[in-house]
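J.: sharing a model prediction with you, sequence too.
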Amino acid sequence: MKAVLLNCLALGAVGALGATPCPVFESLARDSLQKHSRFTGTAFADTVPYTLESSGDSKHTPYMVVANGVATITVGLGTVSGNPDDKIHPTTASSDPASVHFIERLYAQDQDGMVIALAELTASTERPSLSFAVPAGTTSIKPFSLCNKHGLWEGAVTSVAAEDATAVHSCEMAQCGTNAVGLVDGVCAQFAAVEGNALREHAAMFGTSTPFAPTETNTKHTPYVTVTGTTAMVTVGLGTVTQTPADLIHPTGADYASWPEASIHYISMLYVKNQDGAVVAASHLVPAGRPELVFDIPAGTTSLTAFSMCNTHGLFEGYTLTVTTEAAADGAVAPCGLTACGGSRVKRVRCDMFETFRAEAVRKHHQERGDEVAVFTPDETNLKHTPFYTVTNTATATTVTVTVGRGTVSGDAADPIHPTSPDSPHFIELIYAVDQNDVVVAMTELTATTERPSLTFDVPAGTTSLTAYSLCNKHGLYTGSPLALTTGSSSEMVCALTSGCEDVNAPSDCTAVDTLVGEAERIQASHYGQAEAFAPTDANLKHTPYITIAGTTATVTVGLGTVTGKADDPVHKNSHAWAHFIETLYVKNQDGVVVAVGKLAPVLELPSLTFDIPAGTT
């Protein structure tokens, strides 16, 4: 008889709270130091920011005031003194690498050195500032400002009274710059400044302002443009367009946030030029999620060339894409607004977790069927695996339900429905839906206890078509026919994974647990020729699970470093960029009985499973 806790840890992508650091904040703070080390020519380990005392420069120094629970950081003594003779940092937007000059980042650290607020700024921000509610528990704050040309400055530490520190810590980033509209002499000044700053950074790194041309040796950094209708999307890395596991995709810096010995590595800027060399779209990016830029193609465009700026490896030019007359005929007026790089995720911005699971689905498909076998498209031979739609419209929302097998929508007993078999096991393990911009807008993870696999969601606003996908654990990935949507919806995209697994506490029903264990053993046997798990050795310490006990509670973590605390010992970390993560953890007792199982998701940076030790366990 078994009493088992099945933890369904497929959590939504949420901001860190309380005393937990925000990975993006910490990554960008480290990136600021990396840039400063290049400015000063010092080794990263020896790099320290400038101060007013060390530099004698009040123009670059950040100043902070705290009032009524709100802290505000500005740059330059004149912003707080009111004296017109005191300096304020200037802002110059220009495509000239020698002229573009602005504060590109402001952030604040608390008494423990944790970054509690951060803003990405642009050359359109005339008076750089950052205001934020002071988190509870904060006793002091130190401000920092990063100049694009001169480096990093830290300001004086400001003590904070308890009554001014009551807010909940938020990982939401202040938006970068202003979505200003308007041209100066026919040129969008802030677009030009993005290019100018990218060229300046590239020249500082490599002694030339000429971007690296696309070659077969730099496909990881090369930006690619794809067009759907009148919308263009820029992504970085050949794998983003081929969806082939062997092709590279540029990683995101947040994967490195908690690795003290590693550099932050991410795409910091994307911009696109038309046939006349004019920048028609641009975005500042942060080290979170897959780098991309989506924009409406301006009327009159005949070609597009994308550029990507890697904070570590420089500026890369993409291949020029010819734009058809149809794609630009009804195109938008050329904009002059930078894509926001912070704040809540909005439509057309990918949900990291969804994209990671999609990449994992493609990887599993090729692992089961071979690299040469494409995702299966709907035809009469695979109706059992094909996803189908049911649509319901209300005054404010369009709701879509995706099911698997034609019999789920036809009602004809002769039409097939995908079976669910816990014993084999054989089941649909993932269903997701992609919109017209190739963005995953909804997803559910399932188990072999889900008798009739389905995904129901409200269609996000702006969606004009959907394509559903279903992943069978044994037979691969299948796509449904595109679904055209004619009725508008006002719903927002929700970056949270629904789950078909349930907590199992009844000792007489542990089918879900048995299935997860059985599927792990099936995959092990299928791909490695043995159902038995790899035994712990010195060669696989990163993947080995370790158990620690505190009282009557046990915790499983992965990697020797999780229990030794030594920097040299490996720790397995989940990666959004590479779709590499621990997906299942389970524990057996002395009788070989599974007493705890965790179904995990890649939003958990450090995979773990905690459970109460059952009575009688030895």
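T.: Cool, got the structure. Everything quoted here is computed from the prediction, not taken from an experiment.
J.: contacts and neighbour counts: CA atoms only from here.
T.: Fine.
J.: report how many residues lie close to residue 310.
T.: 20 (other C-alpha atoms under 10 Å).
J.: ok, what's across the strand from it?
T.: Beta-bridge partners for residue 310, by DSSP bridges, are residue 267, residue 314.
J.: per-residue pLDDT, it?
T.: Model confidence at residue 310, given as pLDDT, is 92.
J.: report the secondary structure state of residue 539.
T.: helix (DSSP: H, G, I helix; E, B strand; the rest coil).
J.: for residue 553, grab the count of nearby residues.
T.: Count around residue 553 with other C-alpha under 10 Å applied: 12.
J.: my guess is it meets residue 613, correct?
T.: Yes - under the criterion of C-alpha atoms under 8 Å, residue 553 makes contact with residue 613 at 5.7 Å.
J.: low-confidence ranges, the stretch 251-400 of the chain, go.
T.: 252-263, 288-289, 327-353 (pLDDT under 70).
J.: also the stretch 501-618 of the chain?
T.: 501-519, 527, 574-579, 599-605.
J.: now the helices: where do they sit in it?
T.: In the stretch 501-618 of the chain, the helices defined using DSSP state H, counting those that start in this stretch lie at 511-528, 561-564.
J.: and for residue 485, the neighbour number?
T.: 15.
J.: wait, it touches residue 467, no?
T.: No - applying C-alpha under 8 Å as the test, residue 485 and residue 467 come out as separate, 11.0 Å apart.
J.: grab the nearest non-local neighbour of residue 201.
T.: residue 314 (7.3 Å; C-alpha to C-alpha, 6 or more residues apart in numbering).
J.: what's stretch 307-316 in contact with?
T.: Residues outside stretch 307-316 that contact it (C-alpha atoms under 8 Å, 6 or more residues apart in numbering): 31, 198-199, 201-202, 205-206, 211-214, 221-223, 236, 264-272, 317-318.
J.: among those, name the ones in strands.
T.: Using DSSP state E, the members of the contacts of stretch 307-316 that fall within strands are 223, 236, 267, 268, 269, 270, 271, 272, 317.
J.: go ahead and confirm the fourth one touches residue 282.
T.: Read that as residue 268. No - applying C-alpha under 8 Å as the test, residue 268 and residue 282 come out as separate, 11.0 Å apart.
J.: neighbour count winner among these two?
T.: Using other C-alpha under 10 Å as the criterion, residue 268 and residue 282 rank with residue 282 on top: 28 against 22.
J.: and the strands in the stretch 401-550 of the chain?
T.: For the stretch 401-550 of the chain, applying DSSP state E, counting those that start in this stretch gives strands covering 428-435, 440-445, 454-458, 465-472, 476-479, 483-484, 498-499, 545-550.
J.: of all those strands, which one is nearest residue 41?
T.: Checking those against residue 41 by C-alpha to C-alpha gives strand 545-550 as the closest, at 41.8 Å.
J.: residue 87: what's it in contact with?
T.: Contacts of residue 87 (C-alpha under 8 Å, 6+ apart): 58, 59, 76, 77, 78.
J.: out of those residues, which one sits closest to residue 585?
T.: For the contacts of residue 87, the nearest to residue 585 is residue 76 (52.5 Å; C-alpha to C-alpha).
J.: in contact with the closest one, which residues?
T.: 58, 59, 60, 61, 62, 63, 86, 87, 88, 89.
J.: reformat these as TSV; add pLDDT and secondary structure.
T.: What follows is the contacts of residue 76, written out as TSV (pLDDT from 0 to 100; DSSP: H, G, I helix; E, B strand; the rest coil):
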residue	pLDDT	secondary structure
58	95	coil
59	95	coil
60	96	coil
61	97	coil
62	97	strand
63	97	strand
86	95	coil
87	94	coil
88	94	coil
89	94	coil
